[in-house]
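Asker: sequence and predicted model, in that order:
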Amino acid sequence: MVVTVNIELGNDGTYGAYIAGDNPLGFGVIGEGNTVNEAKEDFLNVFNAYKADGEYVPEGLAFDFCYDVPSFLAYYSKRLSLAGLERITGIAQGQLSHYVTGRRKPSKKTVEKIQDALHAFGNELSHVNFV
């Protein structure tokens with residue numbers, strides 16, 4: 001069973017991780033941190049504490065960590081520049097910057113466009129071979 005965990009960038013610049021949608025666990029788990037990795041680690045620590053206290057956890061449980069657009073852009077900003085993301089996605093740097101800062105929220109169509117472009121780029125990179 002795979003449970004989706006959303007990672008979101010808060011207004012205060014910290015990250016939160018929480019179970020999205022239907023929660024099959026029967027108990028809530030929330031993680032927080034100054035970085036994405038800290039939020040994930042805190043989430044897993046809270047989950048493991050519940051598990052250690054005897055809460056029921058389905059066999060084969062796995063977590064799928066998903067980002068909202070501002071969290072993704074902020075987290076990967078040291079690896080991918082907005083200029084590079086503009087070339088990959090076709091969305092202007094200024095618009096991407098508004099998403100990072102929270103001045104604007106991307107529409108569902110824009111989120112899908114960003115995700116599809118990044119998946120295509122990742123697929124392209126996965127086929128790179130060096131001689």
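Answerer: The structure has been received and is ready for your questions. Residues are numbered from 1 along each chain as shown.
Asker: switch to C-alpha atoms for all contacts and neighbour counts from now on
Answerer: Fine.
Asker: in three-state terms, how would residue 16 be classified?
Answerer: Recorded secondary structure, residue 16: strand (DSSP: H, G, I helix; E, B strand; the rest coil).
Asker: just checking, what packs against the top strand by length along the chain?
Answerer: For the chain, the longest strand by residue count, based on DSSP state E, is strand 2-9. For strand 2-9, the packing partners by 3 or more Cα pairs under 8 Å, 6 or more residues apart in numbering; DSSP states H and E come out as strand 15-19, strand 62-67, helix 69-76.
Asker: what angle sits between it and helix 69-76?
Answerer: Between strand 2-9 and helix 69-76, the angle comes out at 80 degrees (axes from the mean of the first three to the mean of the last three Cα atoms, to 10 degrees).
Asker: pairing partners for strand 2-9, with directions?
Answerer: Partners of strand 2-9 in the sheet, by DSSP bridges, are strand 15-19 (antiparallel), strand 62-67 (parallel).
Asker: buried residues, that strand. List them.
Answerer: The neighbour-count check on strand 2-9 (16 or more other Cα atoms under 10 Å) flags 3, 4, 5, 6, 7, 8, 9 as buried.
Asker: equivalent analysis for stretch 10-27, please.
Answerer: 14, 15, 16, 17, 18, 19.
Asker: distance between the ends of that stretch?
Answerer: Using Cα to Cα, to the nearest Å, one end of stretch 10-27 lies 23 Å from the other.
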